[in-house]
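Student: here's my sequence, what's the structure:
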Amino acid sequence: MTIPAAGILFREVEVRGRIVDVRTRGPRVVEIGERLDPRGGGGTRSEDLFECGGAALLPGLHDHHLHLHAMAAARQSVAVGPPAVTDRDGLVAALRAAASSAAPGDWIRAVDYHESVAGPLDRDFLDGLRLGVPVRVQHRSGALWVLDSAALHHVGQRIPLDSEDVERDPAGVPNGRLWRFDSRLRPGLPATDGRRHRDALGRVRDTLLSHGITGVTDATPDTDAAAIAELAAVRPLHVHVLGAPADLPLGRGQSRGPRKLLLRDHDLPAFDELCRTIDPGALGPRRAPVAVHCVTRESLVLTLAALRECGPRRGDRIEHASVAPADLDPLLVEAGVTVVTQPDFLRTRGDQYLASVDPDDLGCLYRWATLESAGVPVAASSDAPYGDPDPWTVLRTAAARRTEAGVVLGADDRVPASRALDSILRPLAGPGAAPRAVEVGAPATVCLLDRPLADALEPGGGSPVRLTVVDGAVVWSR
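Tutor: Have a look, this model is predicted:
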């Protein structure tokens, strides 16, 4: 709920290590000092007063890589991966429970699946469960959908399935496994309840505001005009869109980011093809900036080679850099890219990485401190819904780099939580730039904590946000 106010006076807040008062008026910070005089009187109040007792006041936080529509959809889905589901019996129980409560015409949408639960899924496996309801299961990577026969038949009557991204059995029949099919799959699905989805987007917005997040970068590729228009439901969050068509006018509270390129790790493009995709007009440094999805060693090598061929462009980003060998650091520096990483995957998925990732790659996972030491800017993000959207958990994991079982992955890449915080205080349009600050003339888009900053960054502290303000208006309050 947005509470309009002519102004706010934050009494005794911590700003960059000092205890001061901060006054906002309209959409700007207008005064910072010690023991500012409260204004208003005569039975009316021109500003709201918050007694803060030394708690920290920060600019609104930014998540530099997430997926809003997928977050909303996840709220209407059943989780079928760790830690919620860890074995075949748990998977079957979760899907059967969802089927028993499905309304006529509903499908089961399951998310977060990982092979550690019951091995690779296909249509035969799902058909064998005899759920009586069409079902589609998303792999936790977000790269793969698995459909049962009923769902596959429905989809196949509405969209073409003659792509190389559709796996087939030895007889040449689709086996239900569709790679990188999110945008292509959507027209083949049954009509969704638009109001229900918008309501879910509203709940996503409230969750993000409750963590102090006031701006996000939506990293979904190839987002169409209708999907972007629906993001009006998350206002007053500012949305920086990576997947917007270049000629599409954006709405209020939206901005255009670099062009998102999603490399298919199971089927990487040829070098010349990727170069043409990055720079279709052969414009060199005047081309549009790109944000390239790289989760394997091979995709990162290919991308850096292509960026070198095309020439660096201010604003280029590498999304994830999940496996980034140190011998590629000079190429990352030469390319001038910012790496947008997800350190909390080390907590939520680290134990599976230890069991399944090539030992040569374990020391290269979600690097941070050593990348920065080499001269590569790094910024944190959540990749929600595939990761936890709570930024405070992300910051603490960046400092600890511990799996849920307590194993440290890459001790040399730990960064202080305060340094990780700086990265999510950077502008959405510049994740490698200097962090924003609470200062006179800055936007009155801030989050008030319930404790000093050092305490908020301690392990196990939970979310410390008391109040979130956008353009001078309280938009969330605990």
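Student: going forward, measure contacts between C-alpha atoms and count neighbours the same way
Tutor: OK.
Student: now do the same for residue 232: its pLDDT.
Tutor: The per-residue pLDDT reported for residue 232 equals 95.
Student: enumerate every residue touching it.
Tutor: Shown here is residue 232, whose contacts under the criterion Cα atoms under 8 Å, 6 or more residues apart in numbering are 251, 252.
Student: name the SS class of it, please.
Tutor: When the structure is reduced to helix, strand and coil (DSSP: H, G, I helix; E, B strand; the rest coil), residue 232 reads as helix.
Student: what's the longest helix in this protein?
Tutor: Counting by DSSP state H, the longest helix found in the chain is helix 194-210.
Student: any idea how far the closest residue to residue 242 other than its chain neighbours lies from residue 282?
Tutor: Distances taken as Cα to Cα, 6 or more residues apart in numbering put residue 257 closest to residue 242, at 4.7 Å, once the chain neighbours are dropped. For residue 257, the distance to residue 282 under the criterion Cα to Cα, to the nearest Å works out to 20 Å.
Student: kindly report the same for residue 76.
Tutor: 44 Å.
Student: and for residue 157?
Tutor: According to Cα to Cα, residue 157 and residue 282 sit 40 Å apart.
Student: kindly report the same for residue 93.
Tutor: Separation of residue 93 from residue 282 (Cα to Cα) stands at 54 Å.
Student: can you check residue 346 too?
Tutor: Residue 346 sits 39 Å away from residue 282, taking Cα to Cα as the criterion.
Student: can you tell me how far residue 381 is from residue 35?
Tutor: Using Cα to Cα, we find residue 381 at a distance of 37 Å from residue 35.
Student: meant to ask about residue 252, not that
Tutor: From residue 252 over to residue 35 (counting by Cα to Cα), the distance is 37 Å.
Student: mind listing the helices for the stretch 251-400 of the chain?
Tutor: Counting by DSSP state H, counting those that start in this stretch, the segments of the stretch 251-400 of the chain that form helices are 271-278, 297-310, 329-335, 345-348, 350-356, 359-362, 369-374, 391-400.
Student: got the contact list for the fifth one?
Tutor: Which is helix 350-356. Outside of helix 350-356, the residues within contact range by Cα under 8 Å, 6+ apart are 116, 362, 402, 403, 404, 405, 407, 409.
Student: please redo it, this time with the cut-off set to 6 Å
Tutor: With contact meaning Cα atoms under 6 Å, 6 or more residues apart in numbering, helix 350-356 is reached by residue 403.
Student: residues of it that come out buried?
Tutor: When neighbours are counted by 16 or more other Cα atoms under 10 Å, the buried residues of helix 350-356 are found to be 350, 351, 353.
Student: what's the answer for the fourth one, then?
Tutor: Judged by neighbour count (16+ other Cα under 10 Å), helix 345-348 contains these buried residues: 345, 346, 347, 348.
Student: burial measure for the residue nearest to the third one when sequence neighbours are not counted, as a count.
Tutor: For residue 347, the nearest residue in space outside its immediate sequence neighbours is residue 403; the separation is 4.0 Å by Cα to Cα, 6+ apart. For residue 403, the number of neighbouring residues by other Cα atoms under 10 Å comes to 21.
Student: now the most centrally placed residue in the chain: phi and psi?
Tutor: Centroid-nearest residue in the chain: residue 66, 1.9 Å away (criterion: Cα atoms, centre = their mean). In this entry, residue 66 is assigned phi and psi values of phi -150, psi -180 (degrees, to the nearest 10).
Student: quick check: phi and psi on the closest residue to it other than its chain neighbours?
Tutor: Across the structure, with Cα to Cα, 6+ apart as the measure, the residue nearest residue 66 apart from its sequence neighbours is residue 383 (4.2 Å). With angles defined as degrees, to the nearest 10, residue 383 shows backbone torsions of phi 60, psi 30.
Student: any weak-confidence spans in the protein?
Tutor: Using pLDDT under 70 as the threshold, the predicted model of the chain has low-confidence ranges 1-5, 40-45, 192-194.
Student: let me see the domain layout of it.
Tutor: With automatic domain parsing serving as the domain definition, the record reports that the chain contains domains spanning 1-60+438-478, 70-188, 258-435.
Student: centre of the chain to the second one, how far?
Tutor: Think domain 70-188. Domain 70-188 has its C-alpha centroid displaced from the chain centroid by 22 Å (Cα atoms, centre = their mean, to the nearest Å).
Student: likewise the last one?
Tutor: In this view, domain 258-435 has its centroid 13 Å away from the chain centroid, taken as Cα atoms, centre = their mean.
Student: try stretch 462-478
Tutor: Taking Cα atoms, centre = their mean, one finds stretch 462-478 lying 20 Å from the centre of the chain it belongs to.
Student: start to end distance for that stretch?
Tutor: Start-to-end span of stretch 462-478 (Cα to Cα) is 13 Å.
Student: okay, buried residues for it please.
Tutor: 463-477.
Student: what does stretch 241-256 give?
Tutor: Along stretch 241-256, these residues count as buried under the neighbour rule (16+ other Cα under 10 Å): 241, 242, 243, 244, 245, 250, 254, 255, 256.
Student: what does stretch 294-309 give?
Tutor: Applying 16+ other Cα under 10 Å to stretch 294-309 flags 294-297, 299-307 as buried.
Student: output that stretch in CSV with nothing but the alpha carbons.
Tutor: Only the C-alpha atoms of stretch 294-309 are listed here, as CSV (Å, rounded to 0.1, in the frame of the first residue of the first chain):
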residue,chain,number,x,y,z
CYS,A,294,27.0,-18.0,-20.0
VAL,A,295,26.9,-20.9,-17.6
THR,A,296,29.5,-23.2,-19.0
ARG,A,297,33.3,-22.8,-19.7
GLU,A,298,32.6,-23.4,-23.4
SER,A,299,29.9,-20.7,-23.7
LEU,A,300,32.1,-18.2,-21.9
VAL,A,301,35.1,-18.9,-24.2
LEU,A,302,32.9,-18.6,-27.3
THR,A,303,31.3,-15.3,-26.1
LEU,A,304,34.6,-13.7,-25.2
ALA,A,305,36.1,-14.6,-28.6
ALA,A,306,33.0,-13.2,-30.3
LEU,A,307,33.1,-10.0,-28.3
ARG,A,308,36.8,-9.6,-29.1
GLU,A,309,36.0,-10.0,-32.8
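Student: quick one: residue 392 from residue 56, how far?
Tutor: Residue 392 sits 14 Å away from residue 56 when distances are taken as Cα to Cα.
Student: no, scratch that, I was asking about residue 207
Tutor: When distances are taken as Cα to Cα, residue 207 and residue 56 turn out to be 20 Å apart.
Student: do the same with residue 295
Tutor: 36 Å.
Student: run through who's touching stretch 296-316.
Tutor: 275, 284, 285, 289, 290, 291, 294, 323, 335, 337.
Student: return the members of those residues classed as buried.
Tutor: The neighbour-count test (16+ other Cα under 10 Å) marks 275, 284, 289, 290, 291, 294, 323, 335, 337 as buried among these.
Student: in strands only, show me the residues you listed.
Tutor: In strands, defined here by DSSP state E, the members of those are 290, 291, 294.
Student: which residues does the first one bridge with?
Tutor: When assigned by DSSP bridges, residue 290 has beta-bridge partners residue 259.
Student: then the last one?
Tutor: Beta-bridge pairing of residue 294 under DSSP bridges involves residue 320.
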